[in-house]
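S.K.: Prediction below, plus the sequence it came from.
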Amino acid sequence: MAKSVEEVLSFIQKVPLFQGLNHRQLEHLAKRFIERKYGVGEAITTQGKGGEGFFILVSGKAEAVRQKADGAKLVVNTFGPGDFIGEIALLDDGLRTASVITTEPTECLVLIRWDFLSTIKEDADMAVVILQEVARRLRIVLDTM
């Protein structure tokens, strides 16, 4: 069953990337999300392939797996409900840095890059809030290296 805008809004307002947005901005963004379901062992994203957008896990679990040059695979992160994947893909059209593979049936809310870009072009304040959160998250990652 498709989620209503209100259900999507209720879910995305809990995502750290969007917590600085006001209700109007969240509602506008919520209208852009689509739902996707994955079975066990399916790839949400694939390392080395283009990124189409941003995923929020509504239910289920997944692992980020990075394949090294020697072919070895390393689980670099795990995700569950409320976690999100692909915030960098919202901003550029670079290749995915890891594959994200489901470990149980998983439902995601998906925001396609083009929909996101058209939304933030209409609301510069929204872009600033989201970019500040992306920068904050990048600093956290860099501080752990």
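M.R.: Looks like it arrived, so ask away. Numbers count the residues shown, from 1 in each chain.
S.K.: and the nearest residue to Leu91 once chain neighbours are set aside, how many neighbours does it have?
M.R.: Spatial nearest neighbour of Leu91, chain neighbours left out: Val134 (7.1 Å); criterion: C-beta to C-beta, 6 or more residues apart in numbering. Where C-beta positions appear, they are placed from N, C-alpha and C, glycine not excepted. The local packing count at Val134 equals 15, with neighbours defined by other C-beta atoms under 10 Å.
S.K.: Also the one 10 residues further on?
M.R.: Burial measure for Thr144: 6 neighbouring residues, criterion other C-beta under 10 Å.
S.K.: didn't the residue nearest to Leu91 look like it was pressed against Gly86?
M.R.: No. Using C-beta atoms under 8 Å as the test, Val134 is too far from Gly86 to be in contact (11.3 Å).
S.K.: Which residues are in contact with the residue nearest to Leu91?
M.R.: Counting by C-beta atoms under 8 Å, 6 or more residues apart in numbering, Val134 makes contact with Leu17, Glu87, Ile88, Leu91.
S.K.: Could you dump those residues into TSV and include distance to Cys108?
M.R.: As requested, the contacts of Val134 are exported to TSV (distance: C-beta to C-beta, whole Å):
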residue	distance to Cys108
Leu17	14
Glu87	14
Ile88	17
Leu91	19
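S.K.: Need the CA coordinates for the longest helix seen in the chain. PDB is fine.
M.R.: Identified as the longest helix of the chain according to DSSP state H is helix 124-143. Output in PDB follows, covering the C-alpha atoms of helix 124-143 (Å, rounded to 0.1, in the frame of the first residue of the first chain):
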ATOM      1  CA  ALA A 124      17.600  28.100  -1.400                       C
ATOM      2  CA  ASP A 125      17.100  28.000   2.400                       C
ATOM      3  CA  MET A 126      16.400  24.300   2.100                       C
ATOM      4  CA  ALA A 127      19.600  23.700   0.200                       C
ATOM      5  CA  VAL A 128      21.600  25.600   2.800                       C
ATOM      6  CA  VAL A 129      20.200  23.500   5.700                       C
ATOM      7  CA  ILE A 130      20.800  20.200   3.900                       C
ATOM      8  CA  LEU A 131      24.300  21.100   2.800                       C
ATOM      9  CA  GLN A 132      25.300  22.100   6.300                       C
ATOM     10  CA  GLU A 133      24.200  18.700   7.600                       C
ATOM     11  CA  VAL A 134      26.100  16.900   4.800                       C
ATOM     12  CA  ALA A 135      29.200  18.900   5.700                       C
ATOM     13  CA  ARG A 136      28.700  18.100   9.400                       C
ATOM     14  CA  ARG A 137      28.500  14.400   8.600                       C
ATOM     15  CA  LEU A 138      31.600  14.500   6.400                       C
ATOM     16  CA  ARG A 139      33.500  16.100   9.200                       C
ATOM     17  CA  ILE A 140      32.500  13.300  11.500                       C
ATOM     18  CA  VAL A 141      33.700  10.700   9.000                       C
ATOM     19  CA  LEU A 142      37.000  12.500   8.500                       C
ATOM     20  CA  ASP A 143      37.500  12.800  12.200                       C
END
